[in-house]
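In: Return a 3D structure for these sequence lines:
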Amino acid sequence: MATALPAFTRFGKAKWLRPLLVLVLVSTAITLLTCVSCWANAEQMATNFTVTLAFTTALSLANGYAVNWLERYVSWRAEPVKRLILTLLLSLLVSLVVILGINLCYVVLYRGYAVAVLWEPPAARNIVFPLGVTVLFSLVMHSRSFLLKWREALVQTERLQKEMAQAAAETLRQQLDPHFMFNALNALTSLVEEEPQLAVRFIRQLSQVYRYVLDARGREVVLLADELEFAKAYLFLQRIRYGEALQADLPAPGSVPARLIVPPLSLQLLLENALKHNVALQQQPLHIGFELNLAARQLTVRNTLRPRRLGSEETSGLGLRNLQARYAFLTKQPMLIQPTATEFVVTLPLLELG
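Out: The predicted structure is shown next:
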């Protein structure tokens, strides 16, 4: 008698005419094919068309909203088999409720029969037939949806892998920037002459920084504790250069759970950006703060916002976009960039070892 169509949900104000036209055309075709005897009776044809249109519209909308609801809890990408089974079961349940409801309205309320008539063989066919065709259409349409999602996931994965490779190359390029080594060697020269013991520590920290860069190359994630140790060594080198003009507060070593992980060199990128884009003076220090929120699984890095003038080629924002792309590859939780009038704030989601 009637069947379900692909879900026509989330209509825009200017897009409702097309799905409505499709529903009317399909309902007309079903009416003409399933009620040949109605051709000679205009009233019977109109009644059958109205019921069929009610079935088609209600089943389409109900299945569409039900599937959209299911999408929030089980995705095609993460659990395709489970999603297919749950989609079919949900479609079957929702369709059964809709079909029973419309039959109840038509047979009992409109035509005045008893409720028991719904379970008798002639009327039961009006439940079994649309239900069976609905399940068939759901299987076809949701299989198609799965294939489209799968293809979309492949394209997105390929794009994110390319962006990750670009991000890794850009991060490594920044870390091995000759300017960084030049500044470090200048600082070391002064320390060797004036403070030999501090110079030894400087060499060790510099070695630790470059060892970490080489070890992290090619890895998708690293322990947050290791990343913070790297940030500590990196800040030590920068403090030799900036002195009291640079101040930073790192989380206490014992406050970081061992299971938390982040993309490698993500903190260095944020530290490098803070030093590159802001003025740091003895009278007006650049302050960098780290806030670890274990309940929300987030690490917030904020720095004083005191912009310096840079060329357009130095302010492309490529580093932050690459880091966002790396996070998008690893998790659905977004990396938040929230500058204020006085601070530049970046919040990193913290992942966990499986």
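
In: drop to CA atoms for contacts and neighbour counts, all remaining ones
Out: Fine.

In: For G64, give its distance to T57.
Out: According to CA to CA, to the nearest Å, G64 stands 11 Å off from T57.

In: again with L348
Out: Taking CA to CA, one finds L348 at 45 Å from T57.

In: and the closest residue to L224 other than its chain neighbours, how many neighbours does it have?
Out: Residue nearest to L224 in three dimensions, not counting chain neighbours: I261, with 4.8 Å by CA to CA, 6 or more residues apart in numbering. When counting by other CA atoms under 10 Å, one arrives at 20 neighbours for I261.

In: quick one, helices of this structure?
Out: Assigned by DSSP state H, the helices in the chain fall at 17-34, 42-71, 80-103, 121-175, 178-194, 196-216, 224-242, 266-277, 318-330.

In: can I get those in JSON lines with mean pLDDT, mean neighbour count and distance to R308?
Out: Below are the helices of the chain laid out as JSON lines (pLDDT from 0 to 100; neighbours: other CA atoms under 10 Å; distance: least, CA to CA, whole Å):
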{"stretch": "helix 17-34", "mean pLDDT": "73", "mean neighbour count": "16", "distance to R308": "54"}
{"stretch": "helix 42-71", "mean pLDDT": "76", "mean neighbour count": "19", "distance to R308": "46"}
{"stretch": "helix 80-103", "mean pLDDT": "79", "mean neighbour count": "17", "distance to R308": "50"}
{"stretch": "helix 121-175", "mean pLDDT": "67", "mean neighbour count": "16", "distance to R308": "19"}
{"stretch": "helix 178-194", "mean pLDDT": "77", "mean neighbour count": "14", "distance to R308": "18"}
{"stretch": "helix 196-216", "mean pLDDT": "86", "mean neighbour count": "15", "distance to R308": "26"}
{"stretch": "helix 224-242", "mean pLDDT": "91", "mean neighbour count": "19", "distance to R308": "15"}
{"stretch": "helix 266-277", "mean pLDDT": "89", "mean neighbour count": "19", "distance to R308": "6"}
{"stretch": "helix 318-330", "mean pLDDT": "83", "mean neighbour count": "20", "distance to R308": "18"}
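
In: what's the closest of those to A252?
Out: Minimum separation from A252 across the helices of the chain (CA to CA) falls at helix 224-242, 9.7 Å.

In: Residues touching the closest one, excluding its own?
Out: With CA atoms under 8 Å, 6 or more residues apart in numbering as the test, helix 224-242 has contacts from 183-184, 187, 202, 205-206, 208-209, 212, 246, 248, 250, 253, 256-258, 260-262, 264-265, 267-268, 280.

In: before we move on, back to that, and the helices of the chain as CSV, adding distance to L292?
Out: Formatted as CSV, the helices of the chain follow (distance: least, CA to CA, whole Å):
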stretch, distance to L292
helix 17-34, 50
helix 42-71, 31
helix 80-103, 35
helix 121-175, 23
helix 178-194, 28
helix 196-216, 22
helix 224-242, 11
helix 266-277, 13
helix 318-330, 18
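
In: Looking at those helices, which is nearest to R306?
Out: helix 266-277 (7.9 Å).

In: ok now that closest one, how far from the chain's centre?
Out: In this view, helix 266-277 has its centroid 25 Å away from the chain centroid, taken as CA atoms, centre = their mean, to the nearest Å.

In: now the angle from it to helix 196-216?
Out: Between helix 266-277 and helix 196-216, the angle comes out at 120 degrees (axes from the mean of the first three to the mean of the last three CA atoms, to 10 degrees).

In: list the helices and strands helix 266-277 packs on?
Out: Applying 3 or more CA pairs under 8 Å, 6 or more residues apart in numbering; DSSP states H and E, we find helix 266-277 packed against helix 224-242, helix 318-330.

In: Give me the pLDDT for the residue nearest to L224.
Out: I261 carries a pLDDT value of 93.

In: just checking, D249 touches L292?
Out: No. Look at D249 against L292 with CA atoms under 8 Å: they stay out of range, at 11.2 Å.

In: Have a look at the two and say which one is more surrounded.
Out: The neighbour count for D249 versus L292, taken as other CA under 10 Å, is higher for L292 (19 against 12).

In: residues touching that one, list them.
Out: P251, Q298, L299, T300.

In: Looking at these, which two lie furthest apart in space?
Out: Greatest spacing in these, by CA to CA: P251 and Q298 (12.7 Å).

In: who has more neighbours, these two?
Out: Legend: neighbour count by other CA under 10 Å for P251 and Q298, higher for Q298 (17 against 14).

In: End to end on stretch 212-231, go ahead and measure it.
Out: Stretch 212-231 has its terminal residues 10 Å apart, counting by CA to CA.

In: hmm, I was thinking of stretch 69-78
Out: Terminal-residue distance, stretch 69-78 (CA to CA): 16 Å.

In: how distant is it from the center of its chain?
Out: How far stretch 69-78 lies from its chain's middle: 12 Å, per CA atoms, centre = their mean.

In: How about stretch 97-108?
Out: On CA atoms, centre = their mean, the centre of stretch 97-108 falls 40 Å from the chain's centre.

In: Could the C-alpha coordinates of that stretch be exported in PDB?
Out: The C-alpha coordinates for stretch 97-108 follow below in PDB (Å, rounded to 0.1, in the frame of the first residue of the first chain):
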ATOM      1  CA  VAL A  97       4.700   2.300  15.200                       C
ATOM      2  CA  VAL A  98       3.900   4.700  12.300                       C
ATOM      3  CA  ILE A  99       2.000   2.000  10.300                       C
ATOM      4  CA  LEU A 100       0.000   0.900  13.400                       C
ATOM      5  CA  GLY A 101      -0.800   4.500  14.200                       C
ATOM      6  CA  ILE A 102      -2.000   5.300  10.700                       C
ATOM      7  CA  ASN A 103      -4.000   2.100  10.400                       C
ATOM      8  CA  LEU A 104      -5.600   2.800  13.800                       C
ATOM      9  CA  CYS A 105      -6.600   6.300  12.600                       C
ATOM     10  CA  TYR A 106      -8.000   5.000   9.300                       C
ATOM     11  CA  VAL A 107      -9.600   1.700  10.200                       C
ATOM     12  CA  VAL A 108     -10.800   2.500  13.700                       C
END
